[in-house]
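Undergrad: next comes the sequence, and after it the predicted model I'd like to discuss.
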Amino acid sequence: MKDIIKPIAVLACICLVVTAVLAYVNTVTSPIIKAAEEENAARARTEVLTNAKSFEEMKDIKLPEGVTAVYKGDGDSGFVIMMQQKGYGGNIKLICGIKNDGTIEAVKTLSHGETSGIGSKVVDNGSGYREKYAGKSADDYDKVDAVSGATISSKAYKKAIASAFEAYKTAKGAKA
């Protein structure tokens, strides 16, 4: 009986110690990771809306599905919309800058879980797909062709852009 209980007790103790260490590491690193994500998002805001020097989050507007935040750029520079859509491999987090004239200045991927080599052709920042949306408006963004073999990821990207234009319309109306 001793031969059975002793290994179980040792394994249980090891599991408890490892769990406690992981919980501690998570507690220590969680604020650091959150600060890094916020810094990355702040840098991305200036990349997708280059004429803006500062941004103010618009908290008092109703956000469409898929939009996580809307920021108004200073002056008449436009708006930055942060979105999240479910792609093939998980959530795709995007940020989109829409100028005051209603055209997209730039779109950038913040994070994704898409399949490397296939879905990543849509969401990787160096793939060229996101550049196809630059200059597009609510009337013609849907004319961007999907990436062959990555239809689900392309549709998720396009759905996120549609949500961005909805948020832009709401934010522009709230501005007045």
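TA: Arrived safely, thanks for sending. Computed from a predicted structure; not experimentally measured.

Undergrad: secondary structure element holding A160?
TA: Here A160, judged by DSSP states H and E, is contained in helix 151-175.

Undergrad: neighbours of E131, how many?
TA: E131 has 12 neighbours, counted by other C-beta atoms under 10 Å. All C-beta atoms are positioned from the backbone trio N, CA, C, and that covers glycine.

Undergrad: wait, what's in contact with it?
TA: E131 sits next to no residue when contact means C-beta atoms under 8 Å, 6 or more residues apart in numbering.

Undergrad: lowest average confidence, helix or strand, in this protein?
TA: None of the helices or strands of the chain scores lower by mean pLDDT, DSSP states H and E than helix 120-123, at a mean of 71.

Undergrad: what residues of the particular helix or strand that has A106 in it count as buried?
TA: Following DSSP H and E, one finds A106 within strand 104-111. Residues of strand 104-111 classed as buried by neighbour count (16 or more other C-beta atoms under 10 Å): 104-110.

Undergrad: before we move on, what about stretch 22-31?
TA: Result for stretch 22-31 [16+ other C-beta under 10 Å]: no buried residues.

Undergrad: that stretch: how far from the chain's middle?
TA: Per C-alpha atoms, centre = their mean, to the nearest Å, the displacement of stretch 22-31 from the mean C-alpha position of its chain is 23 Å.

Undergrad: pLDDT on that stretch, on average?
TA: Mean pLDDT, computed over stretch 22-31, is 95.

Undergrad: what of stretch 152-170?
TA: 90.

Undergrad: can you show me the CA trace of it as CSV?
TA: Output in CSV follows, covering the C-alpha atoms of stretch 152-170 (Å, rounded to 0.1, in the frame of the first residue of the first chain):
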residue,chain,number,x,y,z
ILE,A,152,-12.4,32.3,-44.0
SER,A,153,-9.5,34.6,-43.0
SER,A,154,-10.3,37.0,-45.9
LYS,A,155,-14.0,37.1,-44.9
ALA,A,156,-13.1,37.8,-41.3
TYR,A,157,-10.8,40.7,-42.3
LYS,A,158,-13.5,42.1,-44.6
LYS,A,159,-16.1,41.8,-41.8
ALA,A,160,-13.8,43.7,-39.5
ILE,A,161,-13.4,46.5,-42.0
ALA,A,162,-17.2,46.6,-42.4
SER,A,163,-17.5,47.0,-38.6
ALA,A,164,-14.9,49.8,-38.7
PHE,A,165,-16.9,51.7,-41.2
GLU,A,166,-20.0,51.3,-39.0
ALA,A,167,-18.0,52.6,-36.0
TYR,A,168,-16.7,55.5,-38.1
LYS,A,169,-20.2,56.5,-39.1
THR,A,170,-21.3,56.4,-35.5
